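Q: Here you go, sequence then predicted model.
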Amino acid sequence: TSENGIYQDTSFRGRSSEMLTGLAMFAEHPILGVGAANYRPNYQRYAQLVGIEFRAEERDAHSLYVQVLAETGILGVMAFLGLVFFLLEALNKAIRTLERSPHLHEWLPWINAIRLALLSYLMTSIFLHNAYIRYFWILVAMALAAIQITDNMLNRRERTTPVEVRR
């Protein structure tokens, strides 16, 4: 290819190699993967099989999803995506509930901000590995706290509101 072609870009070649290496790990260990935190120690062996790039050091997958797939297999990916799905669904339910509750509208921007931060993290994780996973767990904790606080506020409001007003 040309000097300025995409195949001459070492960054692109390196990321391609790292992602394809993760997929090779998954192909060999589809159910449980190579084990949590075992992508890096296994990188050299699988990278030789892929054959795109050879580096002396251990590398990361440069994709959270590829790394989770390689390290934990299909069961781990299902658990991870299940957690994300149910968390986003619970946030959406809290938002719908708050939209119908005029006395708690001031809480709505906070829940939306947490949902947007979580979605942003998940989008950028296509190209970032799990070195930043602690930020994901912080967002999960914030989302769970927001869901619980919303539920508590709504339940407290219902207990203090007379029955005639609730109808």
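A: All right, it came through fine.
Q: which element is Phe86 on?
A: Under the criterion of DSSP states H and E, Phe86 resides in helix 64-99.
Q: So which bits of that helix are buried?
A: Neighbour-count burial for helix 64-99 flags 64-73, 76-77, 80, 84, 87, 90-91, 94-95, 98 (criterion: 16 or more other CB atoms under 10 Å). For every residue, glycine as well, the C-beta is placed using N, CA and C.
Q: Report the mean per-residue pLDDT for it.
A: Across helix 64-99, pLDDT averages out at 95.
Q: and it, what does it pack onto?
A: helix 10-28, helix 39-50, helix 108-124, helix 133-160 (3 or more CB pairs under 8 Å, 6 or more residues apart in numbering; DSSP states H and E).
Q: Make CSV from the ones you listed and add mean neighbour count, mean pLDDT and distance to Asp60 to it.
A: As requested, those are exported to CSV (neighbours: other CB atoms under 10 Å; pLDDT from 0 to 100; distance: least, CB to CB, whole Å):
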stretch, mean neighbour count, mean pLDDT, distance to Asp60
helix 10-28, 18, 79, 7
helix 39-50, 17, 82, 7
helix 108-124, 15, 95, 14
helix 133-160, 14, 91, 11
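Q: Closest to the centroid, which residue in this protein?
A: In the chain, the residue lying closest to the centroid (CA atoms, centre = their mean) is Leu122, at 4.3 Å.
Q: you'd agree it is up against Val84?
A: Yes: between Leu122 and Val84 there is a contact under CB atoms under 8 Å: 6.6 Å.
Q: And Ile126, how close does it get to Tyr46?
A: Distance from Ile126 to Tyr46, counting by CB to CB, to the nearest Å: 20 Å.
Q: repeat for Ser63
A: Going from Ser63 to Tyr46 by CB to CB gives 15 Å.
Q: And Ala145, by the same measure?
A: Counting by CB to CB - Ala145 and Tyr46 are separated by 39 Å.
Q: what do you get for Ser120?
A: Distance, Ser120 to Tyr46, by CB to CB: 30 Å.
Q: and if you look at Leu104?
A: Distance, Leu104 to Tyr46, by CB to CB: 51 Å.
Q: what's the answer for His29, then?
A: Distance, His29 to Tyr46, by CB to CB: 10 Å.
Q: and if you look at Arg100?
A: Counting by CB to CB, the gap from Arg100 to Tyr46 is 51 Å.
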